[in-house]
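A.B. asks: Return a 3D structure for these sequence lines:
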Amino acid sequence: MDRLAELPEPSQRAAPESAAALTVPRGDHDLNPDLYDPAGPLRDAAVLVPIIDYGDRLSVLLTRRSEELPDHPGQISFPGGRVDPGDSDAEDAALREAEEEVGLTRDRVRLIGRLDTYVIRTGYCVIPVIGLVAPPLSLQPEAGEVDEIFEVPLTFFLDAANRQTHSRVFHGKTRFFYAYPYGDYFIWGATAGMISNLAEVLRDRDLVTS
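C.D. replies: Prediction:
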């Protein structure tokens, strides 16, 4: 039976609490170094990386953002958003956003750690929080925010052969990004970068065991 072991504590992974604590984080600049501006203003955000434990298999829950959103419409993402003043920390923000966006309640999630902070070129400093999710689930996409909820087997992302590198011309410059094409879904950009980090952590530390 596959299981996901505990990740190291955030303090051991040197995961900063906010943009102000950053040195050189991961981000869209990983493949495009000129995109990183250490002096640029950043807004704190958090996402939940939900891994559903079915006992004999693990899957990653993802969403397709609404086409009506002004930022990243129609793209694949994890549930998440800005850290609000009322949130106690990134974990609290990630859990709140997941409940708002897909109806995933806190009592179904066991937090097991963080990934590396990820900076998005649009000015967000994102802390990805990993949660092990216990089915059965009754999920509902938030109207106007999420068009679809779907799952991808964790084993798909753990196979390094499934990570691709693509490029597009953006504002006259060629930009590179990671991508995971899966069926009708094209998972790319920041979400693919965070998934790549997740796969690296799990493979390197042998945290997925049988």
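
A.B. asks: low-confidence ranges in this protein?
C.D. replies: Where the chain drops to pLDDT under 70, the residues are 1-24, 38-39, 69-73, 205-210.

A.B. asks: rerun that using 50 as the cut-off
C.D. replies: Applying pLDDT under 50 to the chain picks out residues 1-2, 9-17, 22, 209-210.

A.B. asks: Show me the strands in it, by range?
C.D. replies: 3-4, 26-27, 43-53, 58-65, 76-77, 80-82, 109-114, 118-120, 124-133, 146-153, 164-170, 173-182, 185-188, 208-209 (DSSP state E).

A.B. asks: which of the ones you listed sits most buried?
C.D. replies: Highest mean neighbour count of these: strand 124-133, a mean of 25 (counted as mean count of other CB atoms under 10 Å). Yep, even glycine has a C-beta here, placed from its N, CA and C like the rest.

A.B. asks: Which secondary structure elements does that one sit against?
C.D. replies: Packing contacts for strand 124-133, counted by 3 or more CB pairs under 8 Å, 6 or more residues apart in numbering; DSSP states H and E, involve strand 43-53, helix 90-102, strand 109-114, strand 118-120, helix 189-204.

A.B. asks: got the angle for that strand vs helix 90-102?
C.D. replies: 80 degrees (axes from the mean of the first three to the mean of the last three CA atoms, to 10 degrees).

A.B. asks: Just checking: what are the partner strands of strand 124-133?
C.D. replies: strand 43-53 (parallel), strand 109-114 (antiparallel), strand 118-120 (antiparallel) (DSSP bridges).

A.B. asks: Would you mind getting the angle between the longest one and helix 189-204?
C.D. replies: When you say that, I think you mean strand 43-53. Using the same axes, to 10 degrees: strand 43-53 against helix 189-204 is 50 degrees.
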